[in-house]
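Asks: Quick one: sequence plus predicted model below, questions after.
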Amino acid sequence: MPDNVAPERRSQIMAKVRSRDTAPELAVRRAVHRAGFRYRLHRADLPGTPDLVFPRHRLAVFVHGCFWHWHGCKRSRMPAANRDYWERKIARNVARDTARQTELTALGWETRVIWECALDAGIAALIAELAERVERSRSREVKTRRGPGSEVCAPTLPTLRPDASAPASAHPVPLRELEGQQREQDAAADQSGERQRPRPQQHRQHDEQRK
Ligand SMILES: [Zn+2]
């Protein structure tokens, strides 16, 4: 099929096509989000600025246009005009993609590519993989914690963590109880002549030990 558009204009059109937040990219983001998975977008500190990043899984996802990244499917068709130019450009893109994926692998990231022409299948595969990874890490957590009831406790632990570092005033009642106990202990320590560190620190330690 002949390309009736002037080369410069074609270049402008193609450059627009290539920008971020493309329709396929948005479709992937929406579907993944709806499935309950959270991600980071376009992390510029990673090679190739992956479109979606799942830091917990060290997984970087690229949503590739079939022409720009040369999928080889029927959507990858060279414009008839200025063919040499486009062939060189696409070859550079492909070489860059390969190099970036190699860099990401070297940094300990796994990479996945979702192709524009197989968007639905790519999305389904990604969501299935994420679900499997979550399941795997959950069963690992349970195994390391062991004992009955750990499955019930494990999911609630992350929300408990911030409390451990919360200021002592966040627990007025238990602290007051502790203070009473502490005064008795201090009195005993005074008598034996081995009064230790200042009180506030001891309170915090006790508070943590109670958890
Ligand atoms: Zn394709």
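Replies: Perfect, I can see it now. Numbers count the residues shown, from 1 in each chain.

Asks: quick one: low-confidence ranges for this protein?
Replies: Within the chain, the ranges that satisfy pLDDT under 70 run 1-19, 146-211.

Asks: All the strands of the chain, residue numbers only.
Replies: Using DSSP state E, the strands of the chain run over 40-41, 52-54, 59-64, 110-115.

Asks: Let's have those in JSON lines, adding mean neighbour count and distance to A81.
Replies: From N, CA and C alone the C-beta is placed, and that goes for glycine too. Output for these, formatted as JSON lines (neighbours: other CB atoms under 10 Å; distance: least, CB to CB, whole Å):
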{"stretch": "strand 40-41", "mean neighbour count": "12", "distance to A81": "35"}
{"stretch": "strand 52-54", "mean neighbour count": "22", "distance to A81": "34"}
{"stretch": "strand 59-64", "mean neighbour count": "23", "distance to A81": "24"}
{"stretch": "strand 110-115", "mean neighbour count": "18", "distance to A81": "25"}
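
Asks: Just put those in JSON lines and tack on distance to V134.
Replies: Below are the strands of the chain laid out as JSON lines (distance: least, CB to CB, whole Å):
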{"stretch": "strand 40-41", "distance to V134": "17"}
{"stretch": "strand 52-54", "distance to V134": "10"}
{"stretch": "strand 59-64", "distance to V134": "12"}
{"stretch": "strand 110-115", "distance to V134": "15"}
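
Asks: quick one: which of those strands is nearest R96?
Replies: R96 lies closest to strand 59-64 among those, at 11.6 Å (CB to CB).

Asks: ok, back up a step: figure out which of the strands of the chain is closest to L130.
Replies: Across those, closest to L130 is strand 52-54 (CB to CB), at 6.9 Å.

Asks: Which residues outside the closest one are in contact with it?
Replies: 28-29, 32, 37, 39-41, 43, 46, 59-61, 63, 130 (CB atoms under 8 Å, 6 or more residues apart in numbering).

Asks: Now the residues you listed in TSV, please, with extra columns for distance to T111.
Replies: What follows is the contacts of strand 52-54, written out as TSV (distance: CB to CB, whole Å):
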residue	distance to T111
V28	14
R29	17
V32	16
F37	17
Y39	14
R40	15
L41	16
R43	13
L46	10
L59	8
A60	5
V61	7
V63	12
L130	14
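
Asks: Of those residues, which is the nearest to the ion?
Replies: When the contacts of strand 52-54 are compared for distance to the ion (CB to the ion), V63 wins out at 11.7 Å.

Asks: What's opposite that closest one in the beta bridge?
Replies: On the basis of DSSP bridges, V63 is bridged to I114.

Asks: so what's it up against?
Replies: Counted by CB under 8 Å, 6+ apart, V63 has contacts T22, P24, E25, V28, D51, L52, V113, I114, E116, G122.
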